[in-house]
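S.K.: Provide a 3D model corresponding to the input given below.
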Amino acid sequence: MTTSARAPDAIIDAHIGQRIRRRRRQLGLTQHQLALACGVRFQQIQKYESGANRIAASRLWKIAHAMQTPLLHFFEDLPELVISDGGALLSAPQEDKTRHDLT
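M.R.: Numbers count the residues shown, from 1 in each chain. Here you go, the predicted structure:
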């Protein structure tokens with residue numbers, strides 16, 4: 001995989017991490033408190049917030065739940081570059097127009 005192919009993923013990871021950090025601080029939580037609520041060590045929260053580690057969907061759900069925050073909050077305000085490059089991954093599913101009636 002080339003570096004340019006990973007760039008949108010890295011941007012998304014960093015964005016989600018920044019949103020986690022911002023929300024955690026808004027709530028007045030420490031990394032340690034959030035980590036305890038999610039069942040990880042605070043160092044792992046540091047890595048998520050810096051974008052160094054990719055966060056699994058199940059872990060992001062636990063973080064959102066612990067912070068009483070809608071899951072989609074972490075995806076808000078993604079840079080346009082990411083949306084246009086990876087639009088197929090981020091757009092809503094389209095209705096399958098190739099369906100055939102069997103009647």
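S.K.: Every contact and neighbour count from this point should use C-alpha atoms.
M.R.: Noted.
S.K.: Mind pulling up the pLDDT for Ala10?
M.R.: Reported pLDDT at Ala10 in the predicted model: 89.
S.K.: same question but for Gly28, I mixed them up
M.R.: At Gly28, pLDDT is 98.
S.K.: Poorly predicted segments of the protein, please.
M.R.: 1-6, 80-103 (pLDDT under 70).
S.K.: Could you state which residue of the protein sits nearest its centroid?
M.R.: Nearest residue to the geometric centre of the chain (CA atoms, centre = their mean): Ile16, 4.4 Å.
S.K.: dump the residue contacts of that one.
M.R.: By CA atoms under 8 Å, 6 or more residues apart in numbering, the contact list for Ile16 reads Glu49, Gly51, Phe74, Phe75.
S.K.: Ignoring the adjacent residues along the chain, who's closest to the first one?
M.R.: Among residues not flanking Glu49 along the chain, Gly17 sits closest, at 3.7 Å (CA to CA, 6 or more residues apart in numbering).
S.K.: Let me see the contact set for the one you found.
M.R.: Tyr48, Glu49, Ser50, Gly51.
S.K.: report the longest helix in the chain, please.
M.R.: Longest helix in the chain by number of residues (criterion: DSSP state H): helix 3-26.
S.K.: list the buried ones in that one?
M.R.: 8, 10-21, 23-24 (16 or more other CA atoms under 10 Å).
S.K.: got it, and stretch 64-81?
M.R.: Ala64, Ala66, Met67, Leu71, Phe74.
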